[in-house]
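Undergrad: Predicted structure and sequence below. I'll ask about it afterward.
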Amino acid sequence: CVIVWGRQLVLGYRAARQLVSLVGAMKLARALVPVAASLVIKLDAVVLEGKNKQSLPDPNEVSLPSVPNVVDAGKTGFPELPAVTTMLSDAAQTLTGISTQAQRLQTQMMQVQQENAARMQRQKAVFDRKLKEQEQKNLEVVKENALIAKNIMDTKKVNEDLLHHAQSMQKGNALRHSELKMLQDQLAAAQKFLTESVEQTDDTKATDLDVLAEEDASPKGLSLLALSSTSNTEPAEKSPEAKASDNSEPESLITMLASGIKALKKQGQVVWRLLARHDASRGDSCDPVHFLASRKTAKPCASSEALHTGSEIKEATVLKETLETMKTYHNRLDAADKHLQATQTTMDGRLHDGGMFMQKLSELTMARPEAAVHALSNLEQAKK
């Protein structure tokens, strides 16, 4: 439609130029007509004068020249050009046609413009609805990302607390382990001292005591394994059985002390195996120092925005993966903390038992021999 309208405008422009040329020619002709008439009159006068010079006719015999009729005479008798409307009829028709076509084209253009405006209005409504839905989704994604980020920060804080707690528990366990080793060393020293004491005080091969073997009325000595370890008071009068127990063999006391030392050694080995198993489950070495260093250097997997849907979804995916990693790390730290708590409880019990053993042992060593024999005898009976 635009091309046709342009062509019609070009044709109208050409017709207008022709009309302007025609009007200019008519104006020029109107200006030249009087000049041409005067020239004709002058030429006629010159011709007449020449003829008169050659032969002057008799005026009475010479007839007057006939004057031609006026061409296109008007009301005044003078020649007149055609009316302007007549001359411009073709151009007016062309201009009228062009105006009509221009109006028709304008009407069509207005109609097309209205249709385009209506179509754009419908498309705008659809785009506004989609944009609103997309904005709502973006807001939901932003809220979800904020919640995930908050969960990540909370989980990170909990993991840090668990890590600090596990490190403190590990330090306490290492300290208790060193205490067990010191207790083991003390028991070894006590065992060595008691062994030397037994060897030095062994009177079974003494020749000076052979005379005592000849007495048949002497009662047999009591077993040291049947004595109780709770008695540390001063005994009353020695009974004949207690006096006879001074000559009994001290191997039972040594055996009991050796059993206690072996039990403490086994308990220390159990604690050490638990620590080694815990480190092996995490892929670390069995060295407590290395275990502590590995906990200090452990780092949770980390993080970190516009309203565009693609970038928000991608950010949400990264945040979800980070949250899952932090939760896994939290579970591992929680399991390690529970294991260390159980280990600490076990070691506290073992240390308490070892301390009680050492306390009873010190009480037995500080008590009188008769009271020690009686206490060990009661302890052996309680075990049975």
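TA: Yep, it's here.
Undergrad: switch to C-alpha atoms for all contacts and neighbour counts from now on
TA: OK.
Undergrad: just the strands in the stretch 51-200 of the chain please.
TA: Here the stretch 51-200 of the chain has no strands by DSSP state E, counting those that start in this stretch.
Undergrad: just the helices in it please.
TA: For the stretch 51-200 of the chain, the helices defined by DSSP state H, counting those that start in this stretch cover 84-87, 89-200.
Undergrad: Look up how far Ile41 lies from Glu140.
TA: 105 Å (CA to CA, to the nearest Å).
Undergrad: typo on my end, Val112
TA: 67 Å.
Undergrad: How about Ala336?
TA: 138 Å.
Undergrad: who has more neighbours, those two?
TA: Per other CA atoms under 10 Å, whichever of Ala336 and Ile41 has more neighbours is Ala336, with 21 against 11.
Undergrad: Spell out which residues sit in contact with the nearest residue to the more buried one once chain neighbours are set aside, please.
TA: Spatial nearest neighbour of Ala336, excluding adjacent residues (CA to CA, 6 or more residues apart in numbering): Ala166 at 7.1 Å. Residues in contact with Ala166 (CA atoms under 8 Å, 6 or more residues apart in numbering) are Leu333, Ala336, Asp337, Leu340.
Undergrad: Can you list which of those residues are found in helices?
TA: Judged by DSSP state H, helices contain the following of those: Leu333, Ala336, Asp337, Leu340.
Undergrad: Which one of those is nearest to Thr195?
TA: Leu340 (37.6 Å; CA to CA).
Undergrad: burial measure for that closest one, as a count.
TA: Other residues lying near Leu340 total 23 when counted by other CA under 10 Å.
Undergrad: Need the nearest residue in space to it, chain neighbours excluded.
TA: Using CA to CA, 6+ apart and skipping residues adjacent in sequence, the residue nearest Leu340 is Met169, 6.5 Å away.
Undergrad: which residues does that neighbour contact?
TA: Neighbour list for Met169: Asp337, Leu340, Gln341, Gln344 [criterion: CA under 8 Å, 6+ apart].
Undergrad: Compute the distance between the nearest residue to the first one once chain neighbours are set aside and Gly172, please.
TA: Pointing back at Asp337 there. What sits nearest to Asp337 in space, not counting adjacent residues and going by CA to CA, 6+ apart, is Ala166, at 5.3 Å. Using CA to CA, we find Ala166 at a distance of 10 Å from Gly172.
Undergrad: would you list the helices of the stretch 51-200 of the chain in a markdown table and tack on mean pLDDT and distance to Asp353?
TA: Formatted as a markdown table, these follow (pLDDT from 0 to 100; distance: least, CA to CA, whole Å):
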| stretch | mean pLDDT | distance to Asp353 |
| --- | --- | --- |
| helix 84-87 | 67 | 136 |
| helix 89-200 | 84 | 11 |
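Undergrad: Tell me which of those is the most buried.
TA: Of the helices of the stretch 51-200 of the chain, the one with the most neighbours on average (mean count of other CA atoms under 10 Å) is helix 89-200, at a mean of 15.
Undergrad: Show me this protein divided up by domain.
TA: Recorded structural domains for the chain (assignment: automatic domain parsing) are 2-49+82-129, 138-201+220-383.
Undergrad: okay but Lys327 is in contact with Thr155, surely?
TA: Yes: between Lys327 and Thr155 there is a contact under CA atoms under 8 Å: 6.8 Å.
Undergrad: still on that earlier bit, tell me how far the residue nearest to Asp337 lies from Ala342.
TA: The spacing between Ala166 and Ala342, counted by CA to CA, is 12 Å.
Undergrad: Could you do Ile152 as well?
TA: Between Ile152 and Ala342 the distance is 28 Å, computed by CA to CA.
Undergrad: same check, this time on His374
TA: Counting by CA to CA, the gap from His374 to Ala342 is 37 Å.
Undergrad: Right, I'll call it a day here.
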